[in-house]
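Enquirer: model this:
(chains A and B)
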Amino acid sequence: MSVKDRLRLERIDGWRWKIPRTGAMRTDGIIYAAEKMLDAIRQDQAMDQVANVACLPGIVGYSMAMPDVHWGYGFPIGGVAAFSVDEGIVSPGGVGYDINCGVRLMTSHLQALELGAEKIRDLVTALFRNIPSGVGSSRKDFKLSEAELDGVLLKGAQWAVSKGFGDALDLERIEEGGCIPWADPAQVSAKARARGRSQLGTLGSGNHFVEIGVVEEIYEPKTAEVFGLFQGQLTVFVHTGSRGLGHQVCDDFIRVLLKSTQKYGIDLPDKQLCCAPVASLEGQSYLGAMGAAANFAFANRQMISHWVRETFEQFFGQSSERLGLSLLYDVCHNMAKIEEHVWQGQRRKLCVHRKGATRAFSAGHEAIPEAYRSVGQPVLIPGDMGRYSYVLVGTDRAMEDTFGSTCHGAGRVLSRHQAVKSAKGRSIVKEMEDRGVFVLGASKATLVEEMPEAYKDVSDVVEVVAQAGISRPVAKLRPLGVMKG
DNA sequence: ATGTCC
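Expert: Here you go, the predicted model:
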């Protein structure tokens, strides 16, 4: 039941493209993109995936793709889709393998450019020593007991803070307060638990990183002030997720939900869209397991922040309070959540899937920390390691058009394989140094796969979401030093 | 993303 050959793309305006409903599609697809991005989007089949998602039962609104969209397992990465909790489904493919992959941004009182390249290099080297990274990395200094792991799965970052990793203020600055309350640790398999026990507080691999940057440009001074951002400021980005535990949860539940797809008579254009009704036992089990894995990721980022602070304290010989290392915000970009939204004048309870997409709630929403509520939710958009990152803010338009969602990053244009091929004979580390970015990676291969030209320019991505009005740029950051997995 | 093939 492929819809592939019949797909058309119609321009809505300068930044939105419609895939008109056809075949088994239950609604239109909408792609947010600049015209120059469309070839790449067609080429890697992301467009077919947007259309496929539109075939799923109970979809409300449109099957949407953000400008950083690219091919993913079943659903595209950069995809947003909401489903009725009564007639709709939940799907592991709509969340991704790295459950609650996300980013957090820490600010400081430091002027970044006063440090100089040598100090940045030493600082990154120190971070690299204190935070395990790479595929299969684990902490040598501790392994969680089964009871402690239950605490992590149930309480997320709240568990980490209760053990002395960070403070209560951190929790206010994390999406969901750093804890998914509907998490159900009992749904997490023994195998997933075993993978998680030694991996809490580790970075992982791929595009995960800890990055020291500088605020280079402020677009909205008032909002920047509310977020605690100023020109020239040293910042720290942390990008990681739920490691092997989340991966295993996804793997486990894809098997379960392949069966439920049949059991509930759901017709799919692609098996990778396997799913279950939100209200079914299987759907609820997956949501419970996903929530627990999400809590693992929240705790992971919280603990890494602690070691970032500790590293800075040792490096500068000052307390992290004095250095002003406070958490601006922590966002999820691989999640499905039950949220209330007004769609076409009706208040609806929806299961909103954001896979490689960021929540972007507008000013006044009760889910936003009080300190930021007057301006809107901070949206953190890391780019590739050589160019820029952005801080945006959520808008009313996002609430109206995208269930309060926006992009999550630059988005790949080269596959990992293509990147390796095109980087043959080059030194990416040297090229990065020439750009003024010191890079230290656990794996040389990963650095090559992550080189800037493997990604779209994040500025182009941000321009599209800004034009479309689904978030507003607040500040642009430039990387100075990066540790990669 | 991922003990990148149980």
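Enquirer: Next one: A:Phe75 from DNA strand B, what distance?
Expert: 13 Å (CB to the nearest atom of the strand, to the nearest Å). Any C-beta I mention is one placed from the backbone N, CA and C, and that applies to glycine too.
Enquirer: these two touch, right, that residue and A:Leu273?
Expert: Yes: look at A:Phe75 against A:Leu273 with CB atoms under 8 Å: they come within range, at 7.0 Å.
Enquirer: what sits in contact with each of the two?
Expert: The contact sets of A:Phe75 and A:Leu273 overlap at A:Val53, A:Ser91, A:Gly93, A:Gly94 (CB atoms under 8 Å, 6 or more residues apart in numbering).
Enquirer: Surely the third one and A:Ala276 touch.
Expert: No: here A:Gly93 does not reach A:Ala276: they are 12.0 Å apart, not a contact under CB under 8 Å.
Enquirer: What is the neighbour count of the residue in the stretch 301-450 of chain A that DNA strand B sits nearest to?
Expert: Nearest residue of the stretch 301-450 of chain A to DNA strand B, counting by CB to the nearest atom of the strand: A:Ser443, 6.3 Å away. Residues near A:Ser443, counting by other CB atoms under 10 Å, number 16.
Enquirer: which stretch of helix or strand covers the closest residue to it other than its chain neighbours?
Expert: Distances taken as CB to CB, 6 or more residues apart in numbering put A:Gly134 closest to A:Ser443, at 5.9 Å, once the chain neighbours are dropped. A:Gly134 is part of no helix or strand, with elements assigned from DSSP states H and E.
Enquirer: how about A:Thr440, phi and psi?
Expert: Careful, residue A:440 is Leu; it's not Thr. For A:Leu440, the backbone dihedrals are phi -130, psi 120 (criterion: degrees, to the nearest 10).
Enquirer: all strands for the stretch 151-300 of chain A, in order.
Expert: With strands called from DSSP state E, counting those that start in this stretch, the stretch 151-300 of chain A shows them at A:209-218, A:234-240, A:276-277.
Enquirer: A:Ile31 falls within a strand, correct?
Expert: Yes: applying DSSP: H, G, I helix; E, B strand; the rest coil, one finds A:Ile31 inside a strand.
Enquirer: Residue of chain A nearest DNA strand B, please.
Expert: A:Gly206 (2.0 Å).
Enquirer: That residue touches A:Leu447, doesn't it?
Expert: No: assessed by CB under 8 Å, A:Gly206 is found out of contact with A:Leu447, at 11.1 Å.
Enquirer: how about the residue lying farthest from the centre of chain A, phi and psi?
Expert: In chain A, the residue that sits farthest from the middle, by CA atoms, centre = their mean, is A:Gly317; the gap is 32.8 Å. Main-chain dihedrals, A:Gly317, degrees, to the nearest 10: phi 60, psi 30.
Enquirer: same check, this time on A:Val482
Expert: phi -130, psi 130.
Enquirer: cool, and A:Val439?
Expert: Dihedral angles of A:Val439 (phi, psi; degrees, to the nearest 10) stand at phi -120, psi 130.
Enquirer: And for A:Ile89?
Expert: The phi/psi pair for A:Ile89 (degrees, to the nearest 10) reads phi -120, psi 170.
Enquirer: So what's the residue count around the residue nearest to it when sequence neighbours are not counted?
Expert: Excluding the flanking residues, the one nearest A:Ile89 by CB to CB, 6+ apart is A:Cys275, at 3.9 Å. Using other CB under 10 Å, A:Cys275 has 29 neighbouring residues.
Enquirer: Now do the contacts for A:Cys275.
Expert: A:56, A:89-94, A:257, A:260-261, A:266, A:268, A:283.
Enquirer: Parallel or antiparallel, list what pairs with the helix or strand hosting A:Ala82.
Expert: Counting by DSSP H and E, the element that carries A:Ala82 is strand A:77-84. Using DSSP bridges, the strands paired with strand A:77-84 are strand A:59-70 (antiparallel), strand A:346-355 (antiparallel).
Enquirer: Throw the ones you listed into a markdown table and include mean neighbour count and distance to A:Ala363, thanks.
Expert: Listed next are the strands paired with strand A:77-84 as a markdown table, based on neighbours: other CB atoms under 10 Å; distance: least, CB to CB, whole Å:
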| stretch | mean neighbour count | distance to A:Ala363 |
| --- | --- | --- |
| strand A:59-70 | 26 | 21 |
| strand A:346-355 | 21 | 19 |
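Enquirer: Kindly reformat the ones you listed as JSON lines containing mean pLDDT and distance to A:Tyr219.
Expert: As requested, the strands paired with strand A:77-84 are arranged in JSON lines below (pLDDT from 0 to 100; distance: least, CB to CB, whole Å):
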{"stretch": "strand A:59-70", "mean pLDDT": "98", "distance to A:Tyr219": "18"}
{"stretch": "strand A:346-355", "mean pLDDT": "98", "distance to A:Tyr219": "24"}
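Enquirer: ok, the strand holding A:Ala82 near DNA strand B or not?
Expert: No: on the criterion CB under 7 Å from any atom of the strand, strand A:77-84 is out of touch with DNA strand B, staying 8.3 Å away.
Enquirer: Return the distance of that strand from the chain's centre.
Expert: 14 Å (CA atoms, centre = their mean, to the nearest Å).
Enquirer: Which positions within it qualify as buried?
Expert: With burial defined by 16 or more other CB atoms under 10 Å, the residues of strand A:77-84 counted as buried are A:Ile77, A:Gly78, A:Gly79, A:Val80, A:Ala81, A:Ala82, A:Phe83, A:Ser84.
Enquirer: Quick one: distance of whichever helix or strand comes after that strand to the chain centre.
Expert: Using DSSP H and E, the next helix or strand after strand A:77-84 towards the C-terminus is strand A:89-90. A distance of 20 Å separates the centroid of the chain from that of strand A:89-90, by CA atoms, centre = their mean.
Enquirer: ok, and what's touching strand A:89-90?
Expert: A:56-58, A:83, A:266, A:275-278, A:283, A:286-287, A:336, A:351, A:353.
Enquirer: who wins for neighbours among those residues?
Expert: Result: A:His353 is most packed of those (other CB under 10 Å), 32 neighbours.
Enquirer: residues in contact with that residue?
Expert: A:Phe75, A:Gly79, A:Val80, A:Ala81, A:Ala82, A:Phe83, A:Val90, A:Ser91, A:Gly94, A:Val95, A:Met335, A:Ala336.
Enquirer: Tabulate the strands paired with strand A:77-84 (CSV), appending distance to A:Val461.
Expert: Below are the strands paired with strand A:77-84 laid out as CSV (distance: least, CB to CB, whole Å):
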stretch, distance to A:Val461
strand A:59-70, 5
strand A:346-355, 15
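Enquirer: Save those as TSV, and put in distance to DNA strand B too.
Expert: Output for those, formatted as TSV (distance: least, CB to the nearest atom of the strand, whole Å):
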stretch	distance to DNA strand B
strand A:59-70	10
strand A:346-355	12
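Enquirer: ranges for the strands of the stretch 301-450 of chain A?
Expert: A:326-332, A:334-343, A:346-355, A:358-359, A:378-382, A:389-393, A:405-406, A:438-441.
Enquirer: how about the second one: buried residues?
Expert: Residues of strand A:334-343 classed as buried under the neighbour-count rule (16+ other CB under 10 Å) are A:Asn334, A:Met335, A:Ala336, A:Lys337, A:Glu339, A:His341.
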